[in-house]
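1. Next one to model:
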Amino acid sequence: MTLVAAFVVVAFGLFLIAFTGVAFAKPAVAERFLMLFASSVRTHYVEQVIRLIVGAALVVLSPDMWQSRMFWLVGWAVVVSSTALMCVPWQWHHRFAKWLLPIVVRHLRLCAMGPFAFGVLLLYAVFAGGGAA
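-> Next comes the predicted model:
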């Protein structure tokens, strides 16, 4: 189970870093991807299931990660928030996305630095390991 969790966390970290690369190299592609968020009931639930998988992977892998308590908390925060979003009407998420995404797209390169930093942090935490608190 830990190996699967490590694969999920590393893949997610690489995805975040790659997204930043796309945001800088092909901003229109990154914008189209972002505009899909919460655009339908299907994308809403797919997004939440992916978040649940990543959150659960962080919880499972956190004992073997650098700053294990922090990543355990982040994992549980993702699991709880994803579960909550699955319990509210998807239109609420859609309305929030319609309000927030134009701001993100307008400042895409700046906003893409957050996922980049988190992706690098995830990879460091996995490969530095040790479960140090």
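2. can you list the weak-confidence ranges in the chain?
-> 130-133 (pLDDT under 70).
3. All the strands of it, residue numbers only.
-> Along the chain, no stretch is classed among the strands by DSSP state E.
4. Check which helices and strands the lengthiest helix in the chain sits against.
-> Looking across the chain with DSSP state H, the single longest helix is helix 2-25. If you count contacts as 3 or more Cβ pairs under 8 Å, 6 or more residues apart in numbering; DSSP states H and E, helix 2-25 packs onto helix 27-35, helix 41-61, helix 108-128. (C-beta placed from N, C-alpha, C; glycine too.)
5. Now do the buried residues in the second one.
-> The neighbour-count criterion (16 or more other Cβ atoms under 10 Å) identifies 43-44, 47-48, 51-61 as the buried residues of helix 41-61.
6. And for stretch 106-125?
-> Quick answer for stretch 106-125 (16+ other Cβ under 10 Å): 108, 111, 112, 115, 116, 118, 119, 121, 122, 123, 125.
7. Can you give me the distance of the most centrally placed residue in the chain to residue 18?
-> The residue lying closest to the centre of the chain (Cα atoms, centre = their mean) is residue 51, at 6.4 Å. Per Cβ to Cβ, to the nearest Å, residue 51 is found 18 Å from residue 18.
8. Residue 96 too?
-> Taking Cβ to Cβ, one finds residue 96 at 25 Å from residue 18.
9. Equivalent analysis for residue 85, please.
-> 24 Å.
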